[in-house]
Structures are given as structure tokens and as C-alpha cells.
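# Sequence plus the predicted model coming up.
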Amino acid sequence: MNCDRRQFLQALGLAAFTSQLPKIAQANSLSQPIIKPPSLKLGDTIGLVNPASFVSSEDVEEVKQTLKNLGLNYKLGTHILDKYGYLAGKDIDRAADINTMFADPSVKAILTLRGGWGCNRILPLINYQLIRKNPKIIIGFSDITSLLLAIYAQSGIVTFHGPVATSTWNQFTVNFVQQILFNGEAVTMRNSPFIGENLSSTPLQVETITPGKARGKLIGGNLSVLSAMVGSAYLPNWQGSILFIEEIGEEVYRVDRMLTQLKLAGILDRISGFIFGQCTRCDPEKPEQSLTLMQVLQDHIQPLKIPAWYGAAIGHIPNKFTLPIGIEVEIDANNGSIQMLESATESK
């Protein structure tokens with residue numbers, strides 16, 4: 001039996017064991033110290049995995065070129081081109097690709113290909129003990145929220161809400177990737193005042209919900225995915241955290257419903273700050289019969305009396321921040337800034 005095959009089987013076997021004890025694993029993760037993954041350097045090998053919806057071979061070829069342009073090598077997950085209905089293969093296979101990449105010493109970071117749907121299904125199959133022993137950068141957004149939060153909660157590893165492999169890798173996005181993941185810088189994130197190449201667009205505007213500054217661990221992701229995880233063992237400790245969320249294709253009443261779920265679950269009452277990134281294509285079909293998104297945010301967030309704003313460069317948009325989940329930050333709701341108070345990676 002070769003080494004890769006042995007690691008693969010060991011990863012699957014341990015994942016099956018840990019999946020039976022998710023609540024115990026979570027309880028342990030809250031008391032164990034947070035681990036920062038090693039930073040990247042030019043020439044590193046990136047593991048490509050596809051844990052949610054399927055992609056085409058053309059997508060993968062474009063991603064290969066993106067990584068080449070970034071000065072990185074790549075290793076393809078065994079099942080990245082699998083297809084099972086709307087999923088990128090069977091649950092056990094998608095999870096196996098993730099476990100195998102964390103077990104592979106030649107792989108220095110893990111980049112997810114796209115979101116869609118499917119990550120919640122594989123959370124019990126992920127080998128969180130293996131991940132804690134082999135900390136690596138894992139990055140993505142949208143449905144990848146599930147993996148980022150679960151790995152942080154269960155393994156204590158800092159994860160990264162940022163571009164997926166099929167995202168638009170423009171200069172704004174790449175700058176944050178390079179500063180945070182390669183250089184290990186503790187940066188301050190603000191929206192760009194420039195409109196980029198699309199002259200019909202306007203710069204993202206910050207709308208303050210409640211002014212002020214706050215500090216806490218940065219935690220969040222896609223609102224739909226996060227709300228679908230409520231009640232599971234795969235969410236972190238929210239006490240004193242800074243919650244960031246984003247959304248796409250959900251009408252205002254649905255955003256209201258999901259925020260209400262977070263409120264009823266006690267999550268909103270525990271946070272010390274709030275950021276809503278972008279709600280892309282969230283306009284109501286009948287505006288005259290709908291609350292505005294800002295009214296909904298004010299209804300839910302202003303009573304908390306914590307610094308909060310809408311409009312950060314987070315979400316299904318070309319210009320994206322890279323947000324380290326689990327890192328201490330200070331936010332300023334007056335100007336819409338996120339200041340990292342520590343680096344998110346360890347230098348090699």
C-alpha cells in the first residue's frame with residue numbers, strides 16, 4: 001500500500017470516528033488554543049478541492065492558469081470533476097478530497113473551486129483531528145462558509161473567507177490575498193474608492209447602522225448557510241465576536257427571516273459588532289409591499305447597541321476582502337473599516 005493510499009484510508013477512518021462525537025469535539029475546541037496556519041510563498045503547491053456544486057473541465061483549466069499567474073503550483077483533488085446531480089460527487093468522496101489534502105505534506109494550502117450547495121452534507125465526514133495536526137490555509141466563500149466555520153470550531157484552525165478558485169482574481173482581491181496569506185500582514189480593510197474597469201458601477205458605499213468601534217474575533221460568512229447550521233455542533237463560540245455576513249439572491253423578507261433565526265438562537269445577543277457585506281440581487285419583487293433591507297437591519301441590530309454597518313466588500317462581488325476567521329480585529333462602523341490586530345498566518 002503506497003503512502004498516499006494509506007493516508008487516504010486513515011483520514012477516512014478517523015473521520016468516521018469523529019463524526020460520531022461532534023458535540024464533544026466542539027466542546028474541546030472551545031478550550032484549546034487557536035492555531036494559525038503557515039503563510040504561503042511563491043512556488044508552494046495548492047490543493048484544489050470542490051466540496052459543493054460541480055464545475056466543468058474548462059473551469060479547472062482557467063483555475064490552473066490563475067494559480068500559475070500567482071506563482072503557485074497545484075494538485076488536483078481526485079474527485080474535483082465528479083458530478084452527482086447538482087453536487088460535485090458523492091459526499092464521502094468530496095470529504096475525502098479535503099481530508100487527503102490536509103494529510104498531504106506536499107500541499108501547503110487548500111483552495112475551494114466554487115460554492116453552490118453541498119458543504120453542510122459533508123461536515124460529519126471531515127477529519128477535524130487530522131486538520132488540527134496539519135494546519136493549512138483553507139479559503140473560499142458562499143457555501144464554503146460551512147467548512148470555514150466547522151474547521152475553526154472543531155479544529156481551532158484560523159480559516160479564510162475570501163475568493164474561491166473560480167472568482168474574479170482582480171488586483172483588489174489579489175492584494176488582500178498576498179498581504180494576508182503570503183506576507184502575514186495585519187492589514188486594515190476598507191472599501192476601494194475606485195470603480196475599477198466597469199465604468200457603469202459605483203464605489204461600494206458604507207451605511208452606518210450604529211456608530212462606534214468594537215473589538216472581537218472575526219467570525220461569519222454567508223447568511224443562508226450560517227442560519228442552516230444553527231443547532232448543529234459546527235458553529236463556534238459567538239461570545240464577544242464580530243459577526244460578518246453576506247448574501248445573494250434572497251429577498252428582503254428572507255433576510256429578515258434568517259436574521260430572526262440568529263436572534264432566536266441567541267447568536268445576535270452575544271456579538272460585540274456586526275458587519276453586513278453585500279446583499280447581491282436581493283431587491284424585493286414588490287417594493288411597495290416590502291421593508292427595505294436597511295429597515296430590517298435597523299430592526300434587528302440597532303437594539304443590540306453595538307457598532308454595525310452595511311456595505312463592506314464582502315460577498316458575491318468582484319472586489320473581495322480576505323477575512324481571517326478567528327483573528328482578533330477592531331471595527332469602526334463610522335468609516336466601515338476592519339483592522340486586524342494580529343497576523344493570521346505563521347511565517348515558515
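Ah, there it is.

# Now for the residue nearest to Tyr84 when sequence neighbours are not counted, how many residues are close by?
Ranked by Cβ to Cβ, 6 or more residues apart in numbering and with sequence neighbours excluded, the top spatial neighbour of Tyr84 is Lys90, at 5.4 Å. For the C-beta atoms, the positions are set from N, CA and C on the backbone; glycine is no exception. Lys90 is surrounded by 14 other residues when neighbours are defined as other Cβ atoms under 10 Å.

# What of Val174?
17.

# continuing past the helix or strand harbouring it, what's the next helix or strand?
When elements are defined using DSSP states H and E, Val174 is found to belong to helix 171-177. Along the chain past helix 171-177, the next helix or strand (assigned with DSSP H and E) turns out to be strand 188-189.

# Scan the helices and strands of this protein for the one with the lowest mean pLDDT.
Of all the helices and strands that make up the chain, the one with the lowest confidence by mean pLDDT, DSSP states H and E is helix 22-31; it has a mean of 43.

# quick one: buried residues of whichever strand or helix holds Thr100?
Taking DSSP H and E as the definition, one finds Thr100 inside helix 91-103. Of the residues in helix 91-103, those buried under the neighbour-count criterion (16 or more other Cβ atoms under 10 Å) are 91, 93-103.

# after the top strand by length along the chain, next one along is what?
The strand spanning the most residues in the chain, taking DSSP state E as the definition, is strand 213-222. Tracing the chain past strand 213-222, the next element assigned as helix or strand by DSSP H and E is helix 223-229.

# What strands line up against the helix or strand that that next one is followed by, and which way round?
Following the chain from helix 223-229 toward its C-terminal end, the next helix or strand by DSSP H and E is strand 242-248. Strand partners for strand 242-248, identified by DSSP bridges, are recorded as strand 213-222 (parallel), strand 273-280 (parallel).

# List the buried residues in the first one.
What that stands for is strand 213-222. 214, 216-222.

# Pick out whichever of these sits closest to Leu148.
Leu148 lies nearest to Gly221 out of these, by Cβ to Cβ, at 6.1 Å.

# What's opposite the closest one in the beta bridge?
Residues in beta-bridge contact with Gly221 (DSSP bridges): Ile245.

# you'd agree it is up against Ile151?
No. Here Gly221 does not reach Ile151: they are 11.9 Å apart, not a contact under Cβ atoms under 8 Å.

# Tell me how far Leu323 lies from Thr202.
The span separating Leu323 from Thr202 equals 23 Å under the rule Cβ to Cβ, to the nearest Å.

# ok, these two, which is more surrounded?
A direct count of neighbours by other Cβ under 10 Å for Leu323 and Thr202 places Leu323 higher, at 31 against 7.

# And the pLDDT at that one?
Model confidence at Leu323, given as pLDDT, is 98.

# quick one, what contacts His261?
Rather than His, residue 261 is Gln. Shown here is Gln261, whose contacts under the criterion Cβ atoms under 8 Å, 6 or more residues apart in numbering are 227, 230.

# got a pLDDT number for it?
In this model, Gln261 is scored at 98, pLDDT.

# looking at this, Gln302 is in a helix?
Yes. Under DSSP: H, G, I helix; E, B strand; the rest coil, Gln302 falls within a helix.
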